[in-house]
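*Asks:* just coords:
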């Protein structure tokens, strides 16, 4: 069906169908014919409406803060991981390969378990899943202090990936309480939280490593994760109503939910976008600590090069620019639409990656990463909003579990490919490959994703956005 043609939409719990015509939403047509309220929020008294608005904003802000703390805790080790594994007996060309293997070993279990934890969150509540993930992350991060070999390090990070997964339940929790009209802004803030956490974590980790050493940094990471768990425990009041379980649900039910959600129109291309964006962003991680010492302008303290600090600063600049862009992204979405913003941002990020192949100074590499961060930060809120707007509320945990798994796969594959390219073709080879990957995924979005149109959700009379067919 084209976006210009009329469509028939059923309104849940009413038995009513309405014809959506160009320039007139389904909700508008129903309101004119049956005089139903535009949304639940508009049916409330002014006092109760203000209370509901304050509640979802409070939940959003607490979730944002917890997400920043948790991701800082998880990413503190990024700047010095290739340096740390050298203390465990890994040397030479094996260093970037092992750095990629370690990232892959931690992210793959996270990708596999994402649908499971998302589905369990839909059944038992998102808040318990968030606290479980942060608590398990704190324990495994603390255990890294006593890892004697690189194999134990890989095993502990794999265990962390198996038991954690913070972003999907946080995003699902936020979307269940956020009004439809505010979904794009809420997802922009949550994505900004991801970028801020991923930016400040490596920056703080680099500084802590240069002053406290590896083990002190691991302890700080565990403390940040514990603080995030306590913030969610005290600051978020989830009024979760457990759905009635369908007969015959067993241990494989989360994977069946995963399959059903994956068939949502337009969701798989968005998952591919998140996979490729994450892979291209993390691919340089294993080679940056090896490239930065050969660049001009490397900071030093008392004659000792501060490599970890420089790498953390480069990653932080990129993440903070992405956070700023994602916060401002709703204005772009309102002006240009979801599809156009997504395609343009991905393509621009790919083009901006190319100068990294020829940079000669630390500030030049930081500038390239900042430009890429701005482009991706402007594009990815569109993907997050489309997920929340095209998925029924009772399946959002599974939907965000699917897309979180795609991001985790990108996080796993990116460093593995980047480390392998660094070992085989040199540390700079990863940048043109990242350019190619982003341009390819921009083309996929252009061909496979359509601008959403307004229909009515299965669970409420409030309008949401669905992909036109």
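*Replies:* That came through fine. Source: prediction; values computed, not measured.
*Asks:* Low-confidence stretches in the chain?
*Replies:* 1-54, 79, 184, 243-266, 388-390, 392-398, 451-469 (pLDDT under 70).
*Asks:* The longest helix seen in it - contacts with which helices or strands?
*Replies:* Using DSSP state H, we find that the single longest helix of the chain is helix 183-235. For helix 183-235, the elements it packs on are helix 46-75, helix 126-143, helix 167-177, helix 307-336, helix 362-390, judged by 3 or more CB pairs under 8 Å, 6 or more residues apart in numbering; DSSP states H and E. Heads up, the C-betas are built off the backbone N, CA and C, glycines and all.
*Asks:* Save those helices as JSON lines, and put in mean neighbour count and distance to residue 106 too.
*Replies:* Putting the helices and strands packed on helix 183-235 into JSON lines (neighbours: other CB atoms under 10 Å; distance: least, CB to CB, whole Å) gives the following:
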{"stretch": "helix 46-75", "mean neighbour count": "19", "distance to residue 106": "9"}
{"stretch": "helix 126-143", "mean neighbour count": "22", "distance to residue 106": "9"}
{"stretch": "helix 167-177", "mean neighbour count": "27", "distance to residue 106": "15"}
{"stretch": "helix 307-336", "mean neighbour count": "23", "distance to residue 106": "17"}
{"stretch": "helix 362-390", "mean neighbour count": "24", "distance to residue 106": "22"}
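*Asks:* Let's have those helices in JSON lines, adding distance to residue 351.
*Replies:* What follows is the helices and strands packed on helix 183-235, written out as JSON lines (distance: least, CB to CB, whole Å):
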{"stretch": "helix 46-75", "distance to residue 351": "26"}
{"stretch": "helix 126-143", "distance to residue 351": "36"}
{"stretch": "helix 167-177", "distance to residue 351": "28"}
{"stretch": "helix 307-336", "distance to residue 351": "16"}
{"stretch": "helix 362-390", "distance to residue 351": "8"}
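*Asks:* Residue 98 is nearest to which of those helices?
*Replies:* Residue 98 lies closest, by CB to CB, to one member of the helices and strands packed on helix 183-235: helix 307-336, at 16.9 Å.
*Asks:* just checking, what packs against that closest one?
*Replies:* On the basis of 3+ CB pairs under 8 Å, 6+ apart, helix 307-336 makes packing contacts with helix 183-235, helix 288-291, helix 338-353, helix 362-390.
*Asks:* Could you point out which of the ones you listed sits nearest residue 118?
*Replies:* The nearest among the helices and strands packed on helix 307-336, by CB to CB, is helix 362-390 at 11.6 Å.
*Asks:* returning to what we had before: distance to residue 73 added to the helices and strands packed on helix 307-336, as TSV?
*Replies:* Shown next, in TSV, are the helices and strands packed on helix 307-336 (distance: least, CB to CB, whole Å):
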stretch	distance to residue 73
helix 183-235	3
helix 288-291	20
helix 338-353	27
helix 362-390	21
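*Asks:* Quick one: closest of those to residue 80.
*Replies:* helix 183-235 (4.5 Å).
*Asks:* Pull the distance from that closest one to the chain's centre.
*Replies:* 14 Å (CA atoms, centre = their mean, to the nearest Å).
*Asks:* ok, now stretch 278-294?
*Replies:* 19 Å.
*Asks:* which parts of it are buried?
*Replies:* Neighbour-count burial for stretch 278-294, counted by 16 or more other CB atoms under 10 Å, picks out 278-292.
*Asks:* go on, stretch 267-278?
*Replies:* For stretch 267-278, a neighbour-count test (16+ other CB under 10 Å) marks 267, 269-278 as buried.
*Asks:* Which ones among the residues you listed map onto strands?
*Replies:* Residues of these located in strands (DSSP state E): none.
*Asks:* TSV for those, including distance to residue 167?
*Replies:* Below are those laid out as TSV (distance: CB to CB, whole Å):
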residue	distance to residue 167
267	16
269	19
270	15
271	14
272	17
273	15
274	10
275	14
276	17
277	14
278	11
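*Asks:* List just the nearest of those to residue 450.
*Replies:* Among the buried residues of stretch 267-278, and counting by CB to CB, the member closest to residue 450 is residue 269, at 9.8 Å.
*Asks:* Residue 229 versus the nearest residue to the closest one once chain neighbours are set aside, what's the distance?
*Replies:* Excluding the flanking residues, the one nearest residue 269 by CB to CB, 6 or more residues apart in numbering is residue 448, at 4.3 Å. Distance, residue 448 to residue 229, using CB to CB, to the nearest Å: 38 Å.
*Asks:* check contacts around residue 309.
*Replies:* 79, 206-207, 210, 299 (CB atoms under 8 Å, 6 or more residues apart in numbering).
*Asks:* run the last query once more with 7 Å
*Replies:* Each residue near residue 309 by CB atoms under 7 Å, 6 or more residues apart in numbering is listed here: 206-207, 210, 299.
*Asks:* so can I have CSV of these showing neighbour count and distance to residue 430?
*Replies:* Formatted as CSV, the contacts of residue 309 follow (neighbours: other CB atoms under 10 Å; distance: CB to CB, whole Å):
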residue, neighbour count, distance to residue 430
206, 27, 20
207, 18, 25
210, 21, 25
299, 13, 23
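*Asks:* Would you reformat the residues you listed as CSV and include distance to residue 381?
*Replies:* CSV is the format used below for those (distance: CB to CB, whole Å):
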residue, distance to residue 381
206, 28
207, 29
210, 34
299, 33
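*Asks:* still on that earlier bit, which one among the buried residues of stretch 278-294 gets closest to residue 418?
*Replies:* residue 283 (3.5 Å).
*Asks:* Roughly how far does the residue lying closest to the closest one once chain neighbours are set aside sit from residue 298?
*Replies:* Closest residue to residue 283 apart from its sequence neighbours, by CB to CB, 6+ apart: residue 418 at 3.5 Å. Residue 418 is 21 Å from residue 298, where distance means CB to CB.
*Asks:* which one of those two has more residues nearby?
*Replies:* Comparing residue 418 with residue 298 by neighbour count (other CB atoms under 10 Å), the higher total belongs to residue 418, at 29 against 15.
*Asks:* State whether that one is indeed within a strand.
*Replies:* No. Under the criterion used here (DSSP: H, G, I helix; E, B strand; the rest coil), residue 418 is helix, not part of a strand.
*Asks:* The helices and strands packed on helix 307-336: which one's closest to residue 93?
*Replies:* helix 288-291 (10.1 Å).
*Asks:* re earlier: so which of the helices and strands packed on helix 183-235 gets nearest residue 343?
*Replies:* The closest of the helices and strands packed on helix 183-235 to residue 343 is helix 362-390. By CB to CB, the value is 8.0 Å.
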